[in-house]
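Colleague: Quick one: sequence and predicted model below, then my questions.
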Amino acid sequence: MKGEIAAFDSGNFTLSNDNSQSRISFVGTGGWNPENFKLIEMGTFDISQAGLQNINLTTVADGWHPLGLRKLVLEPATMTSLDENQDIPIRIFVKDNKIYCELQVKQDCNVNFFLYNMQGELLYQDRNNYLNAGFHTLSFVPRHSGLLLGKVIVGNKVVAQKVSIK
């Protein structure tokens, strides 16, 4: 996530929605004139579903200084297919009309699994599965058939793979 800001002084603020909150620090850009707006890196922000989103900018007690926020740039997380990045130990596959996700977790963490149809509609989600370090197999019986997209998020790694259900 990036933001185009202008401010006389350095400061802090928070951005939040229903799923995420990020504390953002910025440096003064020299004023409010149009040429003073600078594009800054603002970290990551979780938007877990499609549709209208409300993102709140709030002041913080320590370090607040006025700023102008002209633009907020949201970029999707990098999605990696297994063919492109073999070092991610995650595999999504179908066997006996059941979807499996095999993964190697290097440290205890939350794992999120999502299944979409090819129109991008969310069909299934299994969020915040807390897994201990080690090898795990998640499985479920889908209620939909056809070509689907499975997405697994482990920490900051995102793996997506197409699966076909008959």
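Modeller: Thanks, I have the structure now.

Colleague: Okay, now the unreliable bits of the chain?
Modeller: Across the chain, residues meeting the criterion (pLDDT under 70) sit at 48-51, 76-88.

Colleague: Tell me which residue lies nearest the centroid of it.
Modeller: residue 46 (4.4 Å; CA atoms, centre = their mean).

Colleague: hang on, isn't it packed against residue 20?
Modeller: Yes: using CB atoms under 8 Å, residue 46 is in contact with residue 20, at 3.9 Å. Backbone N, C-alpha and C define where each C-beta goes, glycine included.

Colleague: List the contacts of the residue nearest to the centre of the chain.
Modeller: Contact analysis of residue 46 by CB atoms under 8 Å, 6 or more residues apart in numbering lists 17, 19, 20.

Colleague: Show me what counts as buried in stretch 93-102.
Modeller: Under the neighbour-count criterion of 16 or more other CB atoms under 10 Å, stretch 93-102 has 99, 100, 101 buried.

Colleague: any idea where the helices of this structure begin and end?
Modeller: Under the criterion DSSP state H, the chain carries no helices.

Colleague: so where do the strands sit in this protein?
Modeller: Using DSSP state E, the strands of the chain run over residues 2-6, 11-16, 21-26, 38-41, 56-59, 68-73, 90-95, 98-105, 109-117, 122-131, 134-140, 146-154, 157-165.

Colleague: Buried residues, stretch 113-131. List them.
Modeller: By neighbour count with 16+ other CB under 10 Å, stretch 113-131 contains the buried residues 113, 114, 115, 116, 131.

Colleague: Identify the residue nearest the third one in space, chain neighbours excluded?
Modeller: It refers to residue 115. The shortest distance from residue 115 to any non-neighbouring residue, by CB to CB, 6 or more residues apart in numbering, is to residue 124 (4.0 Å).

Colleague: Contact partners for that neighbour?
Modeller: Applying CB under 8 Å, 6+ apart to residue 124 gives the contacts 113, 114, 115, 140, 142, 143.
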